[in-house]
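Q: Everything below, folded, please.
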Amino acid sequence: MTNTNEHSYIMEYADAIKAGDIIAGRHVKDLLDMLHSDFGNPAVKIDLSASAKRIKFIESECKLYEAPFAGKPFRLELFQKAIIESIFAPHVWNDEAGRHIRKYQDILICIARKAGKSPLTAAIILSELFCGEIGTKVLIGSNDYEQADIMYQACDAMREESRKLERVTRRTNKGIFFGNRKQKARRGKFTAQNKGSIRKISARGTNKEGRNIKVGAVDEVHEMQDNRLIMPIRQALSTQDEPLYFEITTEGFVDGGYLDGRIADAERVLSGEIERGNFLPWLFMQDSESEVWQDESSWQKSNPGLGTIKKRSFLRNMLEEAKTSASTRAFVLCKDFNIKQNSAAAWLDAATIENPAFFDMETLRGAYYIGGLDYAETTDLCAAKALFILPDGKKFIIGQYFIPEIKVAAPLDDLNPRNPEHKDYRAWQEQGFVTICSGSENDAAMVANWFVSLYNDYGCRPYKIGYDNWHANDFKRLVSEFAGLEVLERVGMDKMSLTSPMRLLESDLKTKALNYGNNPIDRWCLSNISIKMDSVGMILPVKKYGQSKNRIDGGMAMMICYAAYQRYRSDYDALMRQWGGVNC
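A: Below is the predicted model of the structure:
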């Protein structure tokens, strides 16, 4: 049943897509087909006045709050109006309530970053708070309070921007409530008599149980491994006839996480494989990765507000940068185009890893260097590196690997777990790339003596030597005796410490600014590195496919060098300018 005298934004949106005026992905088209069937279903009552009321409230009472739109009225895009209509217009009969209730109560909106998802959801929440039942309570949740605060602050900012809304509400440390000091004697929906409120909650916090709410909203569910935050919020909706539960997110990097299951369920619902009558999944996604690079018009599939909310020039610039950076590429495809990326993506291709021929250490005689050590005591590679950065910007790195004899003596077959990588370390020893340590452990004295040999053989002195602090006590003692304790610089094996050095190393390898002499073990280690990325683009090196046989020690030692260099760049560069150097 539909009031034919009222305008449907769902139909307008679907018609614009069919006419080619709007480009939409297959998931949105499937959802619009599902909603179109509601309009012709006698069991579904379409109340366009309910959605029109919310749309009018948002556009008349809500104002935007961030540059460049701060202070301007919230003028909804067509896709946003279609979303609101799909939530509030379709109704079905409910025997338990004895009346028609909203059909869709579980809403998933997966859309690219900076597409206005937080302001839109905040505006919908406010519309339900003011246009819905008295006593409507809202709970906003996310992975931490800072993330939950984004949508909460969006609600509060819109409330404050409207004189009408601000006059009948107040904010405290606990949340946003109806009523203010000037209305103590008044009664009615927009006074303190109304116990409606907006609060926030964190997945890391306590006291998630025992609540009674009408609207629940969870932001950025892509970071969640499981439903530990989700279920308490959904359970808190169980007493309501017409609850609303929102999940808003972009795609993420968590493998097998909560969002993966939700997307899979949504795709099965949209394909007709399963029926879930109250589930409304708006999936603004690309249909393929190739179209991102080949067809700019397709960007609207994951960015429905492209050109009005989000700048085309921004996406062009990000894609241009993504062509030369693996980490940027993974982040842009995931966050700007909603194309799921594995948490551990390949880092460097063969062309990037390939390096100039061996260089002569005599050209670096007397220079200062930044050292790096990825230390391992037993049955693993230990990598020591020395990075030289000349005044003209050229970079050279040399190194030595160390490995216990027990590993080298292991047969090169699939049955021996001591050498699963099947590498002939004795051949590499003959070429001068590896030092074999007797017994079952790497010898810290032999590692420290390699740094000492750089001074004895070439007069090269360490300015800083970075280390990862893993079983490195003997090494630290020996190096401090040789060069002083102040030379040692601990570098944590975490995203904060390694993101920037890893990106700089990648850039130098791509542009061939770094010469590592085409060391075969370096090539092997670099080829084994994948990147693990989080939701804000921070990266961490991990072994390809998570397999221990894929050694990455040489690449890690390089990153440690780069991390120490970035911390002391100015002082080191000044020393190298004094050195002057030999023409390289």
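
Q: CA only for contacts and neighbour counts going forward, please
A: OK.

Q: Which residue is the nearest non-sequential neighbour of residue 444?
A: residue 475 (5.1 Å; C-alpha to C-alpha, 6 or more residues apart in numbering).

Q: For the one you found, give me its contacts.
A: Taking C-alpha atoms under 8 Å, 6 or more residues apart in numbering as the contact definition, residue 475 lies against 444-445, 447-448.

Q: Mind checking which of those residues are buried?
A: Buried by 16 or more other C-alpha atoms under 10 Å: 444, 447-448, out of the contacts of residue 475.

Q: now, among those residues, which is nearest to residue 400?
A: Taking C-alpha to C-alpha as the measure, residue 400 lies nearest residue 447 of the buried ones among the contacts of residue 475, at 8.4 Å.

Q: just to revisit the earlier point, any idea which helix or strand carries the residue nearest to residue 444?
A: Here residue 475 sits within helix 473-483, counting by DSSP states H and E.

Q: Return the distance of that helix from the chain's centre.
A: Distance of helix 473-483 from the chain centroid (C-alpha atoms, centre = their mean, to the nearest Å) equals 39 Å.

Q: Which neighbouring elements make contact with whichever helix or strand comes after that helix?
A: The helix or strand immediately downstream of helix 473-483 is strand 488-490, counting by DSSP H and E. With contacts defined as 3 or more C-alpha pairs under 8 Å, 6 or more residues apart in numbering; DSSP states H and E, the packing partners of strand 488-490 are strand 461-467, helix 473-483.

Q: how about 6 Å then?
A: strand 461-467 (3 or more C-alpha pairs under 6 Å, 6 or more residues apart in numbering; DSSP states H and E).

Q: which stretches of the stretch 101-250 of the chain form helices?
A: Assigned by DSSP state H, counting those that start in this stretch, the helices in the stretch 101-250 of the chain fall at 117-131, 145-161, 163-167, 230-235.

Q: which stretch among the ones you listed comes nearest residue 359?
A: helix 145-161 (49.9 Å).

Q: which residues sit against that closest one?
A: Contacts with helix 145-161, where a contact means C-alpha atoms under 6 Å, 6 or more residues apart in numbering, come from 62-63, 118-119, 122, 141-142, 165-166, 202.

Q: can I get the CA coordinates of that helix in CSV?
A: Extracted in CSV, the C-alpha atoms of helix 145-161 (Å, rounded to 0.1, in the frame of the first residue of the first chain):
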residue,chain,number,x,y,z
TYR,A,145,35.7,6.1,23.1
GLU,A,146,37.6,8.2,20.7
GLN,A,147,36.0,6.5,17.7
ALA,A,148,32.5,6.5,19.3
ASP,A,149,33.0,10.2,20.1
ILE,A,150,33.1,11.0,16.4
MET,A,151,29.4,10.2,15.8
TYR,A,152,28.4,11.5,19.3
GLN,A,153,30.1,14.8,18.6
ALA,A,154,28.4,15.0,15.3
CYS,A,155,25.0,14.7,17.1
ASP,A,156,26.0,17.3,19.6
ALA,A,157,27.4,19.7,17.0
MET,A,158,24.2,19.6,15.0
ARG,A,159,22.2,20.0,18.2
GLU,A,160,24.2,23.1,19.1
GLU,A,161,24.0,24.6,15.6
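
Q: can you give me the angle it makes with helix 117-131?
A: 50 degrees (axes from the mean of the first three to the mean of the last three C-alpha atoms, to 10 degrees).

Q: let's number from 689 now, not from 1
A: In the new numbering, first residue 689, that becomes helix 833-849.

Q: Run the chain-centre distance for helix 833-849.
A: 21 Å.

Q: Buried by neighbour count: which residues of it qualify?
A: Buried, per 16+ other C-alpha under 10 Å, within helix 833-849: 833, 835-849.

Q: Nearest to residue 816 among those residues?
A: residue 843 (11.8 Å).

Q: among the contacts of residue 1163, which are in strands?
A: Per DSSP state E, strands hold no members of those.

Q: any idea which of the residues you listed is closest to residue 1205?
A: After measuring the contacts of residue 1163 against residue 1205 - C-alpha to C-alpha - the closest member comes out as residue 1135, at 20.3 Å.
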